[in-house]
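# The amino acid sequence is not available; the structure is as follows:
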């Protein structure tokens, strides 16, 4: 076409590929954000929860008289008060029900028992302290394997006699479901015929996403208008509107859900929690706004944990390390209510991505969901549904196999990779990987860290009996599955998992864009504008991106599972193209040529072969409001609802080098090299920030996060004194790198990135820690790899001094 | 996480504080930095009706040298210890240890006197005081007395010799001898945590032999511990690896740590030994020979 790229105009556009600064940051770094707890409404009162000290107990009596006598306490509600509204139980996303306020029995420690509403939060806390609850303690069970023993105490009396759940038959009073995928018989035959088999048990402990901002809401019901407005910490405000509509019988048109600035979600803010329901119900009854905000300990011990997967992996392989089959069994501890946040048909989420980056001919997975006396959840903590667990399993198993066969841990991966030419690749568990190019990624990382030299250094260290520090090298080459998802496979409460974008271009050529997703730190206001800039030729600096208000934004399923770029970003690109194509018609009209004679050049339409004849997008925008071709509507707006044809499959290659003090168990991460391939890169700076954040949270999970329980069901470590949230002091230095393998089905080839570093780094740390002891026969060490636990391994091997 | 209602008092003199303490009795708590007390109040484990804030009493602040003694006001913050040129020069052990206490936010508020008076074996100053041979000035309305840290001041978890009508006003530390080596070796899980185990060492060498040594341990019993057997063993001996190993063994022998998420008794005891080794080695490197 003879058009030279104009660098100045390209720079002004700030489109895809530009490392423009985050538009969100000026308000956040000045303390000018608006979070839910910043919302203050006239007449607002405050709710506080009364919680059970016991993991399992019958409630004999609740006496609220002393609380009600306290001046300033407005009301105390219990299950009895909610019963007339049928709000004492609520449906969960997983097809179970959850007690909003305990209905005669508590099933986990800190379960919600009563809700005290007072004039301010201090009086609410005092009131909650005065509610007297008489309990009869019952035996509790916290281990999912013990929970399935014949005489185990029943976690859920309300399910007595129910032999079927939302996902088929239950075979025990604490059994939720069995979910199987893959060919059991063919897999069994592959194991029978295998030259080598390995088997490893591993526990992915119960952890918590622990966002900086805890969960909360302000519910405000206008008794005159019949309107309900809820400011809420939600990653999926539109879904919340639908749920609230179902529960309250208020039409969705009269419900407005607003997710304002959100201080991190990481899966913790997907669900609907009893505190929200109590605040909403109280507001409807009182006709006053009611605020409820969790404390940190309430957040850590009641609203949506992650993981708690008790996994057994098996691999069948040749002596050369070529994998023939994978078999997995999981006890999935879902706690007292199945409030797992997965697409409806997938009780173990996308766990079946567990064949990883490897061409494994046969695989079979069986997952048993189990009730225990622990708080409900099972959310995807900075990952797509159960993908962290799946990636952990396969990456640990391939290490175990490498050690059995004496093959290097990088080499065995190279021998098993799905090759570039095999994409799109059908896995034995029913997924179709869109694109990948694994071998160059791993080789690039091995070169960057001089992998062979590291192994040589390690061999020397291992040969020195006096070495105080053991050296471990971890390798992972993971594949993620994100962007849920195709509505034929994925829905939430029956709503397909599409997402949406609406763009309005104003007469001056600036624009407002609204999406069904909601940023919680991802920087949507920055990156979505870049997609529109490139696709529609409008400078990102004049594009206003708004999300989170259900009264203005188009319906979407929200932000979790790295779905914003794969689904919302795709909707945005296609919506921007609709704008561009309408603009083309207007430009053609203005230039008196056929639309086909126009070429789109960054921010303008140019007549082919006649570059001096052009109309800029700014000119077209003005014309859209006064001079459109006959038969064309005025205005320049578009809406797109995008149902993706498939998931996207980002991947990465990570190497971790660390040193472990054999006498104390202290670990020093010497080097962590992370190469991520997320397809087309929209904003390299935001990607790097996402990767740093994901790696840091991965480091936290691998090295220290855990919510342990004692036998009585008391949750231990439910404060930040014990729960590990790393500061800059603990956090290693990250080295990042990338390759680009676009998704063939995504409009701009982007795959999503925020969760990959979390998913990929956790097994890499376990790989490195275990590798430090591998020469002594250790094949696996469970997380968290804190000093105490590592010392126990060292002690067991006689490496310490005591 | 919200405390029950309490009254707040902010006296500006020690006498006024003592008077308030006398009047309000058991229902009052003294507020120093508040970083132990306030969390306990938020959890409603502590529910005092009155807080007497010592933060407005100028006489309780400051670090000075008087004769051969360092005198530190009880309300001196950790951050002030860290940036004191006097301590940096004459008592670097205290500076090194204060730098390892919790996190910067706590160090701006937390005080040496609060740390000592609270009687928490997880606090760092008790072991440092034992190691440095410090004594404490305790004022009551009637009298002032000086109690040596090593003279049954630390009685047990949250229990000290401080009487209900007394306020700790000053910490007196004999100047460590010139040329002393020092180290506070602390193992903790993360920023802001208490020690899994820690060892404070003050060491004087004469050539290759130990002339004198002081060793104290943090968080491995219900009070800070003075490792007297280890000290006695080392005096007059060359500080070689076998001697350090034996000293660590003797230090471990007096540990009786409580199990928690930081580790079980075996681990914490072993870590007391490891921290003793580290502290001794580092102190030896820093000591004039």
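Received the coordinates, thanks. Keep in mind that this is a model prediction, so the values were computed, not measured.
# Contact residues of chain A facing chain B?
Chain A comes close to chain B at residues A:121-122, A:125-126, A:129, A:295-297, A:663-664, A:666, A:704, A:708, A:716-717, A:720-722, A:724, A:726-727, A:729-730, A:786-788, A:791-792, A:795, A:800-802, as judged by CB under 8 Å from any CB of the partner chain. Glycine gets a C-beta too; all of them are placed from N, C-alpha and C.
# Can you say which of the residues you listed are buried?
A:121-122, A:125-126, A:129, A:295, A:297, A:663-664, A:666, A:704, A:717, A:722, A:724, A:726, A:730, A:786-788, A:791-792, A:795, A:800 (16 or more other CB atoms under 10 Å in any protein chain shown).
# For chain B, what lies in contact range of chain A?
Checking chain B against chain A by CB under 8 Å from any CB, the hits are B:1-2, B:4-5, B:44, B:103, B:187, B:189-193, B:196, B:245, B:252, B:261-264, B:266-267, B:269-271, B:273-274.
# And the helices in the stretch 151-289 of chain B, which stretches?
For the stretch 151-289 of chain B, applying DSSP state H, counting those that start in this stretch gives helices covering B:228-234, B:241-253, B:265-286.
# same for the first one, what does it pack against?
Taking 3 or more CB pairs under 8 Å, 6 or more residues apart in numbering or on different chains; DSSP states H and E as the contact definition, the neighbouring helices and strands of helix B:228-234 are strand B:209-218, helix B:241-253.
# and that helix, average pLDDT?
Across helix B:228-234, pLDDT averages out at 98.
# so how far is it off the chain centroid?
Distance of helix B:228-234 from the chain centroid (CA atoms, centre = their mean, to the nearest Å) equals 21 Å.
# In contact with the residue lying closest to residue A:304 once chain neighbours are set aside, which residues?
In space, and not counting its chain neighbours, residue A:304 is closest to residue A:377: 3.6 Å by CB to CB, 6 or more residues apart in numbering or on different chains. Applying CB atoms under 8 Å, 6 or more residues apart in numbering or on different chains, we find residue A:377 in contact with A:271, A:303-306, A:334-335, A:339-341.
# how close does the most centrally placed residue in chain B get to chain A?
Centroid check for chain B by CA atoms, centre = their mean gives residue B:125 as the closest residue, at 1.0 Å. Per CB to the nearest CB, to the nearest Å, residue B:125 is found 19 Å from chain A.
# Three-state assignment for the closest residue to that residue other than its chain neighbours, please.
Excluding the flanking residues, the one nearest residue B:125 by CB to CB, 6+ apart is residue B:115, at 4.2 Å. At residue B:115 the chain is in helix, as set by DSSP: H, G, I helix; E, B strand; the rest coil.
# What is the burial count for residue B:115?
Look at residue B:115: counted by other CB atoms under 10 Å in any protein chain shown, it has 24 neighbours.
# surely it meets residue B:124?
Yes. The pair residue B:115 / residue B:124 is scored as a contact, 6.9 Å apart, by CB atoms under 8 Å.
# Quick check: phi and psi at residue A:591.
Main-chain torsions, residue A:591, degrees, to the nearest 10: phi -90, psi 0.
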